[in-house]
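A.B. asks: Following is a predicted model, sequence given first.
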Amino acid sequence: MRVLSSALLIGAASLASACAPRTTVAPAPVATAASHEAELTVGEVATLRRGRRYFTLRDRLTQTHDSGTAAALYARAVLEHAMNHPAASNEALARLRAVPGLRDSVVADAWELEISNDLRLADYTAGSKAIDSLLARGFLLDSVRTADAHNTERIFRALAGVSPQTMIATGPSDVPVTDGHIPMVINNSTRNYVFDTGANLSTIMRSEATALGLRIIPAGLDVGSSTSVRVTADLGIADSLRIGAMHFHNVVFLVLDDALLTFPDGFRIPGIIGFPVIEQMGEIRMRRASLVVPATPPLRAEHNLLLDELTLLTLAHWEGRPMLCRLDTGAGRTQVYEPFYSRFRAALDAVSDTATRKMGGAGGIVLTPVRVVPNARLVTGDTVATLKTVDVLVNSIARDETENYLDCNLGHDVFDQFDEMIVNFRDMAYLLR
């Protein structure tokens, strides 16, 4: 798992804007012509997984006639993970590993996928065993994957003996949202923290963690940053977190030194509520000045949202060009990333001007060149949003090339054009109303 919160790597404009005024996998049918395509192979599944092309993989799985093949089991495991069914994904992975003659690289990938599932299930014992099995095949891993495995191992070890996070709702919640922050009570103390679907883990300043009485566990986790500076974090456990009518227990926070969440001009981010808390709400409805959480999430049929580890992914289209986007309520402005620019450079250069933007995060501020495109019309969710301008980054900001897969990061300049944004984590649906 990559220990990286999107709130720790966002543009300077987004810093101001973000904090300013289950069923199993059920793929949608594909076109009739697709039925004539070749059968799914293990190599194709591996390629689609590396590129996080889970929506394509979902369509391709419908063309597989034998559900017991290694390719079908591999695809099923990946998609159950992406559809937020980690236990079902682990069941498919166990069947996959029982297939004789499976290539070592696929076995290693299967262990990595199980590690992510175990973390989501808070099964730290099983996760530690999966990491041992993965590292036993370390000769197949590059330095980045090996470092990620050891980093996740530190999480499992630090959380050994910590009970999984739980949530009890006594009814629906209607929580005010002010400048991107929501009110909450942590261990009997009132706070207002950023609400961020793009944050892989909830995050907190060390001084805040101490003041709130969090159990701080030394972990020495490597956290991705926007610079070459190495940033480390510990973990903190909040025994109690109340948001509206929801009561959470054993909430895990990344604990960062205060300086790492303090930016130019004294701007600070004391705390962030991230994916593991938000996902457990079942469904969120973000309105202009409130967060509404129904007591019982309704069924949703769109299935246009998938997961990569703890990152929400959805498809969008710009001038008919498909984009794989992260759904990020912690970002004030939408950004388009280098993979999309590289594919459509000539067309984008023809309609854009050059500029330089500050990118801020844990570790400091860096300058990055962008192309500024006016009047961008994005098809997203089940509707259309038009942006007066959108920044297109011309260089990669990924830590390594294998992570350079995102085309864009959808932010509030899209969401706030609508009265309501709905994210359903049970049926993996995203709607704008």
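C.D. replies: Now that the structure is in, tell me what you want to look at. Numbering: from 1, shown residues only.
A.B. asks: domain ranges for this structure?
C.D. replies: 9-20+164-293, 35-159, 305-432 (automatic domain parsing).
A.B. asks: Now render those as TSV, adding distance to L299 and mean pLDDT.
C.D. replies: In short, each C-beta sits where N, CA and C put it, glycine included. Formatted as TSV, those follow (distance: least, CB to CB, whole Å; pLDDT from 0 to 100):
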stretch	distance to L299	mean pLDDT
domain 9-20+164-293	10	89
domain 35-159	14	93
domain 305-432	6	93
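A.B. asks: Can you convert those into TSV and add a column each for mean neighbour count?
C.D. replies: Below are the domains of the chain laid out as TSV (neighbours: other CB atoms under 10 Å):
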stretch	mean neighbour count
domain 9-20+164-293	19
domain 35-159	18
domain 305-432	19
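A.B. asks: Packing partners of the one helix or strand K358 maps to?
C.D. replies: In the assignment (DSSP states H and E), K358 maps to strand 353-361. Judged by 3 or more CB pairs under 8 Å, 6 or more residues apart in numbering; DSSP states H and E, the packing partners of strand 353-361 are strand 9-11, helix 12-18, strand 364-380.
A.B. asks: Give me the sheet partners of that strand and which way each runs.
C.D. replies: When sheet partners are counted by DSSP bridges, strand 353-361 sits next to strand 9-11 (antiparallel), strand 364-380 (antiparallel).
A.B. asks: Just the C-alphas of that strand, formatted as PDB.
C.D. replies: Written as PDB, here are the backbone C-alpha positions of strand 353-361 (Å, rounded to 0.1, in the frame of the first residue of the first chain):
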ATOM      1  CA  ASP A 353      -1.300  28.800 -22.700                       C
ATOM      2  CA  THR A 354       1.700  28.000 -20.500                       C
ATOM      3  CA  ALA A 355       2.000  28.800 -16.800                       C
ATOM      4  CA  THR A 356       3.700  27.700 -13.600                       C
ATOM      5  CA  ARG A 357       2.000  26.500 -10.500                       C
ATOM      6  CA  LYS A 358       3.100  25.900  -6.900                       C
ATOM      7  CA  MET A 359       2.500  22.400  -5.700                       C
ATOM      8  CA  GLY A 360       2.400  22.100  -1.900                       C
ATOM      9  CA  GLY A 361       2.600  19.100   0.300                       C
END
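A.B. asks: Might you quantify the distance of that strand from its chain's geometric centre?
C.D. replies: 23 Å (CA atoms, centre = their mean, to the nearest Å).
A.B. asks: Next: stretch 306-314.
C.D. replies: Here stretch 306-314 shows a centroid-to-chain-centroid distance of 5 Å under the convention CA atoms, centre = their mean.
A.B. asks: can you check stretch 89-96 too?
C.D. replies: With CA atoms, centre = their mean, you get 22 Å for stretch 89-96.
A.B. asks: Stretch 327-339 now?
C.D. replies: That offset, for stretch 327-339, works out to 12 Å (CA atoms, centre = their mean).
A.B. asks: re the thing from before, among the strands paired with strand 353-361, which is nearest W111?
C.D. replies: Nearest to W111, of all these, is strand 9-11, at 27.4 Å by CB to CB.
A.B. asks: OK, contacts around the spatially closest residue to T311 that is not a sequence neighbour?
C.D. replies: Of all residues not flanking T311 in the chain, R326 sits nearest, at 5.8 Å (CB to CB, 6 or more residues apart in numbering). Going by CB atoms under 8 Å, 6 or more residues apart in numbering, R326 touches 6, 198, 311-313, 406, 408-410.
A.B. asks: closest to T210 among those residues?
C.D. replies: Among the contacts of R326, S6 lies closest to T210 (CB to CB), at 25.0 Å.
A.B. asks: so the closest residue to E319 other than its chain neighbours bridges to which residues?
C.D. replies: Distances taken as CB to CB, 6+ apart put R377 closest to E319, at 7.2 Å, once the chain neighbours are dropped. R377 forms beta bridges with T386, as assigned by DSSP bridges.
A.B. asks: For A350, see how far away R377 is.
C.D. replies: 16 Å (CB to CB, to the nearest Å).
A.B. asks: go on, P276?
C.D. replies: Taking CB to CB, one finds P276 at 43 Å from A350.
A.B. asks: what residue lies at the spatial centre of this protein?
C.D. replies: T311 (1.3 Å; CA atoms, centre = their mean).
A.B. asks: Report the contact partners of it.
C.D. replies: With contact taken as CB under 8 Å, 6+ apart, T311 is in contact with 198, 200, 275, 326.
A.B. asks: Give the bridge partners for the residue nearest to P264 when sequence neighbours are not counted, please.
C.D. replies: Nearest residue to P264, sequence neighbours excluded (CB to CB, 6+ apart): I365, at 6.8 Å. Beta-bridge partners for I365, by DSSP bridges, are G360.
A.B. asks: so I365 makes contact with K358?
C.D. replies: Yes. The criterion here is CB atoms under 8 Å, and I365 meets it with K358 at 5.3 Å.
A.B. asks: Now the strands paired with strand 353-361 in a markdown table, please, with extra columns for distance to L73.
C.D. replies: Listed next are the strands paired with strand 353-361 as a markdown table, based on distance: least, CB to CB, whole Å:
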| stretch | distance to L73 |
| --- | --- |
| strand 9-11 | 35 |
| strand 364-380 | 32 |
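A.B. asks: So which of those is nearest A209?
C.D. replies: Taking the strands paired with strand 353-361 one by one with CB to CB, strand 9-11 is closest: 21.0 Å.
A.B. asks: Check whether F248 sits in a helix, strand or coil.
C.D. replies: Under the three-state scheme (DSSP: H, G, I helix; E, B strand; the rest coil), F248 adopts strand.
A.B. asks: How about it: which residues does it bridge to?
C.D. replies: M167, L241.
A.B. asks: need the contact list for it.
C.D. replies: 165-167, 238, 240-242, 277, 280.
A.B. asks: And these, which is closest to A71?
C.D. replies: Checking those against A71 with CB to CB, the nearest one is Q280 at 32.9 Å.
A.B. asks: Strands of the stretch 201-350 of the chain, start to end?
C.D. replies: Counting by DSSP state E, counting those that start in this stretch, one finds strands in the stretch 201-350 of the chain at the ranges 202-205, 215-223, 231-243, 246-256, 271-273, 283-287, 290-293, 305-308, 311-318, 321-327, 335-336.
A.B. asks: got the ones you listed as a markdown table, with distance to G68 columns?
C.D. replies: A markdown table is the format used below for the strands of the stretch 201-350 of the chain (distance: least, CB to CB, whole Å):
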| stretch | distance to G68 |
| --- | --- |
| strand 202-205 | 40 |
| strand 215-223 | 39 |
| strand 231-243 | 40 |
| strand 246-256 | 37 |
| strand 271-273 | 42 |
| strand 283-287 | 35 |
| strand 290-293 | 40 |
| strand 305-308 | 24 |
| strand 311-318 | 28 |
| strand 321-327 | 30 |
| strand 335-336 | 41 |
